[in-house]
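*Asks:* only geometry, no sequence info:
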């Protein structure tokens, strides 16, 4: 049964849950079953379509996740909130009869349906429309230069070309970190395959027309939540969180986190935990963590009151250039996971230094002074439409990371 409501101010509504089976991966057969479950979850999630916040696919995906939770014998909670969804209408650049389609940056300004004419040039030049190549990482050097140019207003518009290290046919999009406060000129994002045409237009200036016509639509976004009651509710709770939205199909970017989220829930549901465990799968990841902000507004004390937050972030399921990164608030958090890494033959590509602001949703916990255990990584298909099942996913590695985090969650919930 799905509970549809908003969170009560200051905390979650208690739910009594049955503890009727234990499915912790402890035998070879159990591990095979876990592989199969993870594969099914990631495949189904990827095949749902484009997971942008508040869209039809995002809502269908929320219904699917609510059903998955209910099948585990846990009572899911559908926590919705209103927001203005950006609906792109006509977004393109026309050069001498060639039309280059694109996707708007979701936190810039927009044109009318006619667009405007201007000359193309490099970023920082006196051109009306600047062209720059960038990786889809907001903290990357070119992305920072583009951000600075947007703030300075030196160009009437900017065209961002997906970096040549990504598949040429597809756009690797930047997150909209200022979605609630759009700024700067219109910004169009286009696929890398258009670079030769754009380069020629820069070298041989010609009049071009850029249109970035979009509208805002009243919409509803949805977080999917649950809670497993502990036997000692006076103890500080654990929070398990993962984002569930993104720009495209997100098989390796988001699928691993969702699969691990469900496996942790499955294991804890059958283990009689001492602590309460709160689960939140949030929409709005690509829009500056909009869904997590809503969750925290409804539970303002939870960052500091929680025993620890387990953040199942992006890309640890990636097959291409994963470079998995672990992030810890303190040495105790690190020591909780450490024994389970060796047991599952895992070694991270990097570890964020303790005390340094982490990436992903763990940054919200860090900013609020909370404790966290976090996993995320790189991805050669990050924010790109080619991130689809099965080619983008390393199922074996995903399962081993999942087993490690399930074991760590069980340890944390016992004490």
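*Replies:* Thanks, I have the structure now. The structure presented is a predicted model; accordingly, all values stated were derived computationally and were not measured. Numbers count the residues shown, from 1 in each chain.
*Asks:* average pLDDT for the strand or helix carrying residue 219?
*Replies:* For residue 219, the element it lies in under DSSP states H and E is strand 207-228. Strand 207-228 shows a mean pLDDT of 97 in the predicted model.
*Asks:* partners of it in the sheet?
*Replies:* Its sheet considered, strand 207-228 pairs with strand 77-95 (antiparallel), strand 116-122 (antiparallel), strand 277-282 (antiparallel) by DSSP bridges.
*Asks:* next structured bit after the first one?
*Replies:* Beyond strand 77-95 on the C-terminal side, the first helix or strand identified by DSSP H and E is strand 98-101.
*Asks:* pairing partners for that next one, with directions?
*Replies:* According to DSSP bridges, strand 98-101 forms sheet pairs with strand 77-95 (antiparallel).
*Asks:* residues in contact with residue 117?
*Replies:* Applying CB atoms under 8 Å, 6 or more residues apart in numbering to residue 117 gives the contacts 128, 207, 208, 209. In short, each C-beta sits where N, CA and C put it, glycine included.
*Asks:* out of the strands paired with strand 207-228, which is the most enclosed?
*Replies:* Mean neighbour count (mean count of other CB atoms under 10 Å) peaks for strand 277-282 among the strands paired with strand 207-228, with a mean of 26.
*Asks:* what about stretch 354-374, start to end distance?
*Replies:* 12 Å (CA to CA, to the nearest Å).
*Asks:* likewise for stretch 381-390?
*Replies:* Its start and end residues considered, stretch 381-390 measures 13 Å (CA to CA).
*Asks:* re the thing from before, mind listing what's buried along the strand holding residue 219?
*Replies:* 208-214, 219, 221-228 (16 or more other CB atoms under 10 Å).
*Asks:* ditto for stretch 229-247
*Replies:* Buried residues in stretch 229-247 (16+ other CB under 10 Å): 229-230, 237-247.
*Asks:* among those residues, which lie within strands?
*Replies:* Those of the buried residues of stretch 229-247 mapping onto strands are 238, 239, 240, 241, 242, 243, per DSSP state E.
*Asks:* any chance of the buried residues of stretch 229-247 in CSV, plus distance to residue 383?
*Replies:* What follows is those, written out as CSV (distance: CB to CB, whole Å):
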residue, distance to residue 383
229, 38
230, 37
237, 32
238, 30
239, 26
240, 24
241, 20
242, 17
243, 13
244, 15
245, 12
246, 7
247, 5
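*Asks:* what's the closest of those to residue 170?
*Replies:* Ranked by distance to residue 170 (CB to CB), these are led by residue 247 at 10.6 Å.
*Asks:* what's the spacing between the closest one and residue 31?
*Replies:* 32 Å (CB to CB, to the nearest Å).
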